[in-house]
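Undergrad: let's see this in three dimensions:
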Amino acid sequence: MSLETFAGTRDPHRPYAGLRGGLYARKSEYRGKKNSRKRSVAEQLTAGRGDADRLGVQIGEQGEYVDDGVSASRHAANRERGDFERLLDDIEHKRLDIVFAWASTRLQRDLAVYVRLRDACAAAGVLWCYGGKVYDLSNKDDRFRTGLDALVGEREVDELRDNVMRALRSNALAGRPQGRAPYGYRRVYDEKTGAYLRTELEPAKAEIVKEICERVAAGQAYVTIAGDLNARGVTPPTEFWSSKQVERVAWMPVGEHPEHAEIRAEVVRRFAESELPTTEIAKEIARDFNEREVPLIMARWYPATITQFASDPRYLGVRTHHGVATNTEAWPRITDPSTHAQCLAVIDKRRKGKTYNTRPGRAKYLLPGNAVCDDCSAPLFSGVNGSKKTATRQGTRKRRLNCMTPGVDGKKGYHVSFDMELADDHVKNELFDWLASPGFIEAYVKNDDERAGKVADAEGEIKVLTTRLESFKQSAINGAISAESFAAIEAGILPKIAEAEKTVRSLSVPSVVRGIAGATREEIEAAWEEIDLPQQRLIVETLLDVRIKPVGRGVKPESAAPYVSVRPRRLVAAS
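TA: Okay, the predicted model is just below:
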């Protein structure tokens, strides 16, 4: 829409009077400055209305377009700008004649977005006004000027990102922390200069972290640990409302908090009234709740949080950068390397090694998944065999351990089907004998420090190899090395990583076992009854190799010994 359009029809002193205008405002982030939220965009809108009034432009009821807390950079993780897309739609459908913004950078910081917006305005004859100056995008000089502003805006954010990344790398190498202090720690700053001095323990929270690590290392189920912390009223690490918490409020039953029902009703109402996708409205509600300081009624301990804490290397006092340790004594440690190694082993086993049961704490029996078929080495599953009880017959149904691999040559039946109760009793007897033996103490307890050192060495090797592999991967992506070369490198590194992971698993023993090592058999039997099932299963899995052999049709064994092989894993590995 060039100025010539109005020649002879408009007041030459106010050539834009009567045009339909739109006001666009945007602010990237507030960095936790809650009281500043909405202030920046309000100032932008006020300035835009001042320009519109000066030019005689009319702003309609739907003429404000605001993206608050959203970046326009090409580096942004979340680049969804709902009102910007609405503005573009109104431009393309010629519902506007002129768009006002505080500066070019409010509209975009990405050259590709500038071109998209410029072409839409040029095609529809829509003007721009930012910094108090009007631009006609069909005019070559105005296109050049706005293009330069767009280039400068993109370069500014690129330069800012480079500076931030440089500072992050520098902080990492110097061992200085980045972001919020982990749960269990607090940071100390110089009162006069504000300079960072040190990170120290927050005693009460540090004790909770230590407890979590010890309980995970002992093999307790994550859901059990989380439930216990919630029941005790231990303050969870959540400090702000998240979109996931908002979504949970909408469907979870009302709890004991006096404001729960009111908060839930508001969330349900706002979901019903909004036309935005659920994830977007949830983010909007979360921002609003944080600004209003709505009580964190959904702040709870969850199994995922337990896993996160138990595997976090920061609780060893280690500062990492992109997965590489840059300072191993950055702050006081909360847990020790041996406990941390055991936590990683427990988490790894539960996450990777148990395709038959992916929910720790949900298993009902001791041996399913831990015992394997002697014929094919497949894990045995729990099943019920035999006839049902009737009015005239006692019934023979019993729970058994079954191999699910098809029979030989496709025949019906199982490789192995064995009485579970008989197998359980035999395995426990063998386990108790092993735990009470001098051999176990020699293998697992006396050399505990040496074993922990080997675990730490293996974990360090895993980190080094993983970092090297990732470096080669990036080189292949960037074209520095060929795909064939990367494949050869990967084939050499992956087996080494697998071997180091195997070492960690084989040397990691549940801490609950160390607590009963050296006791008499009777004491071990009594202690076993006090250990919950997930811990019992983990002990069997870690210490024993249990293999069950075929019995044969019609055979009803009175003893499990001929058919159930139980061997200590360390002896298996050494043989």
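Undergrad: am I right that V209 is in contact with Y183?
TA: Yes - V209 is within contact range of Y183, at 6.5 Å (criterion: Cβ atoms under 8 Å). (Glycine included, C-beta is placed from N, CA and C.)
Undergrad: what are the boundaries of the strands in the stretch 1-150 of the chain?
TA: Using DSSP state E, counting those that start in this stretch, the strands of the stretch 1-150 of the chain run over 20-27, 58-68, 98-101, 127-130, 133-136.
Undergrad: check the stretch 351-500 of the chain too.
TA: Going by DSSP E, counting those that start in this stretch, the stretch 351-500 of the chain shows strands at 371-373, 381-385, 398-402, 417-419.
Undergrad: ok, of these, where does mean pLDDT dip lowest?
TA: When mean pLDDT is averaged over each of the strands of the stretch 351-500 of the chain, strand 381-385 scores lowest at a mean of 81.
Undergrad: if we can go back for a sec, deepest of the strands of the stretch 351-500 of the chain, which one?
TA: Among those, the stretch with the highest mean neighbour count (mean count of other Cβ atoms under 10 Å) is strand 371-373, at a mean of 24.
Undergrad: quick check: which helices or strands does that one pack against?
TA: Under the contact criterion of 3 or more Cβ pairs under 8 Å, 6 or more residues apart in numbering; DSSP states H and E, strand 371-373 touches strand 544-548.
Undergrad: quick check on G552: phi, psi?
TA: phi 100, psi 150 (degrees, to the nearest 10).
Undergrad: show me the strands in the stretch 151-300 of the chain, by range?
TA: In the stretch 151-300 of the chain, the strands defined using DSSP E, counting those that start in this stretch lie at 185-189, 196-201.
Undergrad: partners of the first one in the sheet?
TA: Okay, so that is strand 185-189. The pairing partners recorded for strand 185-189 under DSSP bridges are strand 196-201 (antiparallel).
Undergrad: list the buried residues of the partner strand.
TA: 199, 201 (16 or more other Cβ atoms under 10 Å).
Undergrad: how about stretch 103-115?
TA: Quick answer for stretch 103-115 (16+ other Cβ under 10 Å): 104-110, 113-114.
Undergrad: do the same with stretch 293-304
TA: So, applying 16+ other Cβ under 10 Å, buried residues of stretch 293-304: 294, 296-303.
Undergrad: now do stretch 478-493
TA: 481, 486, 489.
Undergrad: again, but for stretch 538-554
TA: Buried residues in stretch 538-554 (16+ other Cβ under 10 Å): 538-548, 550.
Undergrad: could those residues go into JSON lines alongside pLDDT?
TA: Below are the buried residues of stretch 538-554 laid out as JSON lines (pLDDT from 0 to 100):
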{"residue": "L538", "pLDDT": "82"}
{"residue": "I539", "pLDDT": "85"}
{"residue": "V540", "pLDDT": "88"}
{"residue": "E541", "pLDDT": "83"}
{"residue": "T542", "pLDDT": "78"}
{"residue": "L543", "pLDDT": "83"}
{"residue": "L544", "pLDDT": "87"}
{"residue": "D545", "pLDDT": "88"}
{"residue": "V546", "pLDDT": "93"}
{"residue": "R547", "pLDDT": "92"}
{"residue": "I548", "pLDDT": "92"}
{"residue": "P550", "pLDDT": "87"}
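Undergrad: dump those into JSON lines; add distance to I497 as well.
TA: Putting the buried residues of stretch 538-554 into JSON lines (distance: Cβ to Cβ, whole Å) gives the following:
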{"residue": "L538", "distance to I497": "23"}
{"residue": "I539", "distance to I497": "27"}
{"residue": "V540", "distance to I497": "27"}
{"residue": "E541", "distance to I497": "22"}
{"residue": "T542", "distance to I497": "21"}
{"residue": "L543", "distance to I497": "25"}
{"residue": "L544", "distance to I497": "26"}
{"residue": "D545", "distance to I497": "23"}
{"residue": "V546", "distance to I497": "28"}
{"residue": "R547", "distance to I497": "28"}
{"residue": "I548", "distance to I497": "32"}
{"residue": "P550", "distance to I497": "36"}
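Undergrad: between these, which is nearest P203?
TA: L538 (29.9 Å; Cβ to Cβ).
Undergrad: identify the residue nearest the closest one in space, chain neighbours excluded?
TA: Spatially, and ignoring its direct neighbours in sequence, L538 is nearest to G219 (3.4 Å; Cβ to Cβ, 6 or more residues apart in numbering).
Undergrad: circling back to that earlier point, okay, the strands of the stretch 151-300 of the chain in JSON lines with distance to E530 and mean pLDDT next?
TA: Converted to JSON lines, the strands of the stretch 151-300 of the chain look like this (distance: least, Cβ to Cβ, whole Å; pLDDT from 0 to 100):
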{"stretch": "strand 185-189", "distance to E530": "33", "mean pLDDT": "89"}
{"stretch": "strand 196-201", "distance to E530": "31", "mean pLDDT": "86"}
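Undergrad: quick one: closest of those strands to E256.
TA: E256 sits nearest to strand 185-189 of all the strands of the stretch 151-300 of the chain, at 29.9 Å, using Cβ to Cβ.
Undergrad: flag every buried residue along the closest one.
TA: Applying 16+ other Cβ under 10 Å to strand 185-189 flags Y185 as buried.
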